[in-house]
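A.B. asks: Sequence first, predicted model second:
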Amino acid sequence: MIEILTSHAFNTIQDLGRTGARRFGVSTSGAMDPVALAAGNAILGNDAGAASIEVQTFPFRLRFHADVAFAVTGADYDATLAARTIPPWWCARARAGDILAIGSPKRGARVYLTFEGGIDLPVVLGSRSTHVRAGFGGLEGRALREGDMVPVSRSTREAGGRFDFGVEPANVAIAGSSPSEDGVLHVRVMRAGEYDLFSTSVQELFWSTRWKISFQSDRGGYRLAGPKLTLAAPAEMRSHGVVAGVVQVPPAGEPIVQMSDANTAGGYPKIAAVIQADLWRLGQARPGSFIVFSEVDYREAVAAMTPVDDYIARLRATSELYRSL
């Protein structure tokens with residue numbers, strides 16, 4: 001059992017998301033940075049989709065009520081366990097009574113806490129992810145708050161093993177995943193269904209602009225500040241399916257990148273879609289930071305997932321070997 005000591009708004013239980021329920025109007029939800037979550041589970045030997053705590057407001061503190069191994073991944077943070085420094089992308093074994101404290105990240109936006117065996121909360125529509133707007137999943141369908149008790153599953157492995165080691169962060173290890181030297185995040189996208197509705201000059205604006213992630217952004221979507229991407233004439237469209245990564249353009253012309261809690265349908269024109277291999281990087285981008293888009297085709301988008309999958313596979317294999325030494 002884990003006791004939440006300090007937690008501000010928007011910190012929730014998340015796993016890899018709720019698939020197969022969009023036809024009922026239920027968002028996928030899940031981690032904004034699924035690579036960090038999957039990495040933490042790989043380090044501990046959990047199933048890839050075991051539920052974790054997604055921390056996006058700081059400071060965050062919890063107390064362990066039993067001995068348990070855990071991993072901390074995601075943003076570049078300052079953390080201590082029982083007053084001992086825990087480096088980023090590290091796993092350790094906590095003892096009953098230990099307090100884990102995480103401060104504001106120096107880089108990145110979200111930290112993931114995974115626990116050996118995973119968080120033991122009810123599965124709702126195939127996932128333990130918190131859907132705050134609908135009020136289900138996670139812990140009572142809401143954000144974590146002081147005094148909450150979060151149950152952790154018992155590991156099926158025998159006690160013991162080494163749990164005090166770190167791994168190379170995803171943004172370092174995965175080829176092509178680091179921001180450019182100018183500090184702007186480069187995000188790869190494919191053209192979407194209504195791309196050709198926009199004039200050539202507006203299309204060029206989309207590609208050439210350094211977009212700022214507005215402070216009117218959340219897990220539902222990132223609103224981008226920059227030039228207006230307006231159509232020459234209003235387009236009346238029927239609502240259609242929407243998934244994370246789709247870049248919609250409302251009539252006012254400010255693009256919105258749909259994220260983990262995106263609506264399941266919408267009628268705004270779609271100009272592009274962020275490829276799966278870059279969604280996790282976008283999930284670590286803070287409001288106020290800048291991004292630029294570059295175009296890839298379908299084959300390039302599919303191939304870009306290979307380094308991501310290879311990274312998780314290497315973590316799982318090497319961590320398993322290290323724990324058994």
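C.D. replies: Cool, the structure landed. All of these numbers come straight from a predicted model, not from anything done at the bench.

A.B. asks: now the strands for the stretch 151-300 of the chain?
C.D. replies: Applying DSSP state E, counting those that start in this stretch to the stretch 151-300 of the chain gives strands spanning 165-166, 185-191, 211-213, 221-225, 240-241, 246-248, 256-258, 265-266, 270-274, 290-295.

A.B. asks: Redo the ones you listed as CSV? Include distance to D148.
C.D. replies: (Each C-beta comes from the backbone N, C-alpha and C, glycine too.) Listed next are the strands of the stretch 151-300 of the chain as CSV, based on distance: least, C-beta to C-beta, whole Å:
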stretch, distance to D148
strand 165-166, 28
strand 185-191, 33
strand 211-213, 30
strand 221-225, 27
strand 240-241, 35
strand 246-248, 33
strand 256-258, 29
strand 265-266, 33
strand 270-274, 33
strand 290-295, 34
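
A.B. asks: Nearest to Y322, out of the ones you listed?
C.D. replies: The closest of these to Y322 is strand 165-166. By C-beta to C-beta, the value is 5.8 Å.

A.B. asks: just checking, what packs against that closest one?
C.D. replies: strand 90-94 (3 or more C-beta pairs under 8 Å, 6 or more residues apart in numbering; DSSP states H and E).

A.B. asks: Packing partners of the strand it packs on?
C.D. replies: Counting by 3+ C-beta pairs under 8 Å, 6+ apart, strand 90-94 packs on helix 34-44, strand 68-76, strand 165-166.

A.B. asks: hang on, the earlier thing: and the strands of the stretch 151-300 of the chain, which one's lowest on average pLDDT?
C.D. replies: Comparing mean pLDDT across the strands of the stretch 151-300 of the chain, the weakest is strand 240-241, with a mean of 85.

A.B. asks: The spatially closest residue to L44 that is not a sequence neighbour: neighbouring residues, count only.
C.D. replies: Among residues not flanking L44 along the chain, E116 sits closest, at 4.9 Å (C-beta to C-beta, 6 or more residues apart in numbering). Other residues within reach of E116, judged by other C-beta atoms under 10 Å, total 26.

A.B. asks: Please apply the same query to the one 10 residues further on.
C.D. replies: As a burial measure, the neighbour count of G126 was computed by other C-beta under 10 Å and equals 14.

A.B. asks: okay, it: pLDDT?
C.D. replies: The predicted local confidence for G126 is 94.

A.B. asks: Then N41?
C.D. replies: On the pLDDT scale, N41 is placed at 97.

A.B. asks: The stretch 1-150 of the chain: strands as residue ranges?
C.D. replies: Using DSSP E, counting those that start in this stretch, strands in the stretch 1-150 of the chain cover 2-6, 12-14, 52-55, 60-64, 68-76, 79-81, 84-86, 90-94, 99-102, 107-115, 149-150.
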